[in-house]
Structures are given as structure tokens and as C-alpha cells.
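Undergrad: pasting a predicted model and its sequence here:
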Amino acid sequence: MTFFTYILMSEVDRSLYIGQSQDIEKRLKRHNAGRNRSTSAKRPWKLLYTKPCSSRSEAMKLEKYLKSLKKR
């Protein structure tokens, strides 16, 4: 099963959100529908980047790494 790590950009203030999911399209729709508390205030979101991963653990490791870069 393929998992993805993704980066979204808010079209409101250009802030970034990093996450991972099995279904990118479904996940993006949930973000833009306001069904995620941490992203609902900055809707709409645009997909900037996706990286396919061979497992959920690989996707989570990449997500954690990208988030660590964002904090710097």
C-alpha cells in the first residue's frame, strides 16, 4: 500500500502544513472543508508537494523530518 507525505500551502497567508495520508485527494478535501481543526482557519489550501512512500512508517519519518526543517 502506498502512503504519501504532502505539503499544503494556505492561499490566505501562504503558511505551510505538512502531513501524511493514503489518499491525498480525500485528505485535501477534508482540509478545505474545515474538518481539520488545525487548518480550518487558513482555508483554502493548495497542494504543493507529494512524495510517495512504501509504508506508513516511512511517510511518518519523512513528515517528521520536513516538520523539523520548517521549525528552523
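TA: Now that the structure is in, tell me what you want to look at. All of these numbers come straight from a predicted model, not from anything done at the bench. Numbers count the residues shown, from 1 in each chain.

Undergrad: what helix or strand is the residue nearest to the spatial centre of the chain located in?
TA: In the chain, the centroid-proximal residue (C-alpha atoms, centre = their mean) is Gly19; its distance is 3.3 Å. Element membership of Gly19 [criterion: DSSP states H and E] is strand 16-21.

Undergrad: what's the single longest helix in the protein?
TA: Under DSSP state H, the helix in the chain containing the largest number of residues is helix 56-71.

Undergrad: could you say what helices and strands that one packs with?
TA: With contacts taken as 3 or more C-beta pairs under 8 Å, 6 or more residues apart in numbering; DSSP states H and E, helix 56-71 sits against strand 3-10, strand 16-21, strand 45-53. In this view, the C-beta of every residue, glycine as well, is placed from N, C-alpha and C.

Undergrad: could those strands go into JSON lines alongside mean pLDDT and distance to Met60?
TA: Below are the helices and strands packed on helix 56-71 laid out as JSON lines (pLDDT from 0 to 100; distance: least, C-beta to C-beta, whole Å):
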{"stretch": "strand 3-10", "mean pLDDT": "98", "distance to Met60": "8"}
{"stretch": "strand 16-21", "mean pLDDT": "97", "distance to Met60": "6"}
{"stretch": "strand 45-53", "mean pLDDT": "98", "distance to Met60": "9"}
